[in-house]
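Asks: A structural model of the following input is requested.
(chains A, B, C and D)
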There are 2 protein chains.
Amino acid sequence: MPAQQRKEKAREERSRLIVDAARELAEAEGWDAVTTRKLAEKVEYSQPVLYSHFKNMDAIASAVALQGFEELTVALTEGVRRAKLRGLADAYLAFAREHPALYQAMFVRRSELTFAVGEIPASLRAAFAVFLAAVDPYADGATETLAELFWSSLHGLATLQAGKRLRPDHHENRVELLVNLVAVPTDRT
Amino acid sequence: MPAQQRKEKAREERSRLIVDAARELAEAEGWDAVTTRKLAEKVEYSQPVLYSHFKNMDAIASAVALQGFEELTVALTEGVRRAKLRGLADAYLAFAREHPALYQAMFVRRSELTFAVGEIPASLRAAFAVFLAAVDPYADGATETLAELFWSSLHGLATLQAGKRLRPDHHENRVELLVNLVAVPTDRT
DNA sequence: ACCCTGACCCTAGCATCGCTAGACAATCTA
DNA sequence: TAGATTGTCTAGCGATGCTAGGGTCAGGGT
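Replies: Residues are numbered from 1 along each chain as shown, chains lettered A, B, ... in the order given. Down below sits the predicted model:
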């Protein structure tokens, strides 16, 4: 029955519309400004329609985050291709800098998405795989541990920088130092 | 005029009462649960009293954060005394783990407190000084940069761990690896 | 062709939030 | 003692997330 399919297609379209609107609003004015009323007005539907697509506001933010994971994977892959570890670091930090609200939805705002325990979003697993591959040559066996540590360091740099808690200049120095620490092979017994 | 002084003393006492109540509530139920009404009820005054002490809710959270900075400095100093870099790392991560709401107020929740630009809270400067001293022997001149990086890495580990985004076991491995990367002298030209 | 049924969406409203205005009481000054 | 000042509370405003209930319109069966 094509009528049924057409309906579902339209619903899916509207879901994307809502998610896109939320993301735009968040990037433009921050997550505090993303309210159900503003969102409803932006997609030109009434508030309750949002709840026929998503359980609540947090679920909308999580949908935005999932979009982010996919884009992050692409950006990281491209970064590694350009310049290995340093390219990965630059790509990660650029992503966080250029999409601050998106980054918050992915990694800062509390959310029901947990990574290391329970099921992991496939798109995020892919992003982490880029880390694993890039770090493996220097890991001396402990690939996952080094990948987690490298990721954590970048996350720390990204969030503290965003919060104006690091000297704005010296960014380059910090990144270079980090990459050197990870890349320069030392005795890791 | 001692009457005047007595008044001021009482006001100061009540300020501390409010801050302590906010901190307790946040640690017990998270910052979302810290509302002006619950806070007012807990200190047994009406809501407007809060605003005669603090500009708004964020200012109360900032006051809690300032308490945290002082305690963090003490904890870090003790950690360094015990085991240098590793002690510092352990103390920092333990602090974040044991006082998650306090840590959020200090470093995660957006706040008007900025560190690296403009004026810095003295208590936080003291905490960073511990980082500087602990890291200096390995910095090869770039002490501040290495301190910022070490701090960022710990911050990343702390927040991602708190968000269940790292494998709960392997914590020890990550910390040891980080400390080794920073401490083992390599060629840093 | 007609009616009925069900899916869809909107208006209206609830409880709660941060914050403030204005009235009331208690205390100090002269 | 009378007036002024200081302090506190009650009540309320606008905005929040979310939901209940009713109305409208299209699709399907006879």
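Asks: From here on, just use CA atoms for contacts and neighbour counts.
Replies: Will do.
Asks: Quick check: residues of chain A near chain B?
Replies: A:107-108, A:110, A:114-117, A:145-146, A:148-149, A:152-157, A:160, A:163-168, A:170, A:173-174, A:177-178, A:180-182, A:184, A:186, A:188 (C-alpha under 8 Å from any C-alpha of the partner chain).
Asks: Got the domain ranges for chain A?
Replies: Following automatic domain parsing, one finds the domains of chain A at A:1-54, A:64-189.
Asks: and residue A:8, helix, strand or coil?
Replies: Look at residue A:8: counting by DSSP: H, G, I helix; E, B strand; the rest coil, its state is helix.
Asks: can you tell me which residues contact it?
Replies: Listed by C-alpha atoms under 8 Å, 6 or more residues apart in numbering or on different chains, residue A:8 has no contact partners.
Asks: measure it to residue A:98 for me?
Replies: Distance from residue A:8 to residue A:98, counting by C-alpha to C-alpha, to the nearest Å: 34 Å.
Asks: Not counting its neighbours along the chain, what's nearest residue A:143?
Replies: residue A:136 (5.2 Å; C-alpha to C-alpha, 6 or more residues apart in numbering or on different chains).
Asks: That neighbour is in contact with residue A:148, isn't it?
Replies: No - using C-alpha atoms under 8 Å, residue A:136 makes no contact with residue A:148, being 11.7 Å away.
Asks: the more surrounded of the two?
Replies: residue A:148 (23 against 15; other C-alpha atoms under 10 Å in any protein chain shown).
Asks: ok so, going back, any chance of the domains of chain A in JSON lines with mean pLDDT and distance to residue B:20 as columns?
Replies: Shown next, in JSON lines, are the domains of chain A (pLDDT from 0 to 100; distance: least, C-alpha to C-alpha, whole Å):
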{"stretch": "domain A:1-54", "mean pLDDT": "91", "distance to residue B:20": "26"}
{"stretch": "domain A:64-189", "mean pLDDT": "93", "distance to residue B:20": "24"}
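Asks: Show me which residues of chain A are close to DNA strand D?
Replies: A:1, A:3, A:33-38, A:47-48, A:51, A:55-58 (C-alpha under 7 Å from any atom of the strand).
Asks: how does it look with 6 Å?
Replies: By C-alpha under 6 Å from any atom of the strand, the residues of chain A that approach DNA strand D are A:34-37, A:47-48, A:56-57.
Asks: helix or strand right after the helix ranked longest in chain A?
Replies: Scanning chain A for the helix with the most residues, using DSSP state H, yields helix A:57-98. Counting by DSSP states H and E, the element after helix A:57-98 in chain order, helix or strand, is helix A:100-103.
Asks: Can you list the neighbours in contact with that following helix?
Replies: Residues contacting helix A:100-103 (C-alpha under 8 Å, 6+ apart): A:23, A:26-27, A:30-31, A:64-65, A:68, A:95-96, A:162.
Asks: of all the residues you listed, which comes closest to DNA strand C?
Replies: residue A:31 (15.6 Å; C-alpha to the nearest atom of the strand).
Asks: Let me see the contact set for that closest one.
Replies: A:25, A:101.
Asks: Need phi/psi at it.
Replies: Torsion angles at residue A:31 (phi, psi; degrees, to the nearest 10) stand at phi -70, psi -30.
Asks: Okay, it and residue A:60: tell me how far apart.
Replies: Taken as C-alpha to C-alpha, the span from residue A:31 to residue A:60 is 11 Å.
Asks: what does residue A:175 give?
Replies: Taken as C-alpha to C-alpha, the span from residue A:175 to residue A:60 is 33 Å.
Asks: all strands for chain A, in order.
Replies: Counting by DSSP state E, chain A has no strands at all.
Asks: The residue of it found nearest DNA strand D: how many residues sit nearby?
Replies: Per C-alpha to the nearest atom of the strand, residue A:35 is where chain A lies closest to DNA strand D, at 3.2 Å. Other residues lying near residue A:35 total 15 when counted by other C-alpha under 10 Å.
Asks: One more: the one 3 residues further on?
Replies: Residues contacting residue A:38 under the criterion other C-alpha under 10 Å number 16.
Asks: Kindly report the same for residue A:56.
Replies: For residue A:56, the number of neighbouring residues by other C-alpha under 10 Å comes to 12.
Asks: Buried ones among the residues of chain A next to chain B?
Replies: A:107-108, A:114-116, A:145-146, A:148-149, A:152-157, A:160, A:163, A:165-167, A:174, A:177-178, A:180-182, A:186 (16 or more other C-alpha atoms under 10 Å in any protein chain shown).
Asks: so of those, which ones are in helices?
Replies: A:145-146, A:148-149, A:152-157, A:160, A:174, A:177-178, A:180-182.
Asks: So which of the contacts of helix A:100-103 is the closest to chain B?
Replies: residue A:162 (9.9 Å; C-alpha to the nearest C-alpha).
Asks: Tell me how far the nearest residue to that closest one once chain neighbours are set aside lies from residue A:103.
Replies: Among residues not flanking residue A:162 along the chain, residue A:97 sits closest, at 7.2 Å (C-alpha to C-alpha, 6+ apart). Using C-alpha to C-alpha, we find residue A:97 at a distance of 8 Å from residue A:103.
Asks: Also residue A:68?
Replies: Counting by C-alpha to C-alpha - residue A:68 and residue A:103 are separated by 7 Å.
Asks: likewise residue A:57?
Replies: 17 Å.
Asks: Compare the two (neighbour count), which wins?
Replies: residue A:103 (23 against 15).
Asks: dump the residue contacts of residue A:152.
Replies: Per C-alpha under 8 Å, 6+ apart, neighbours of residue A:152: B:153-157, B:160.
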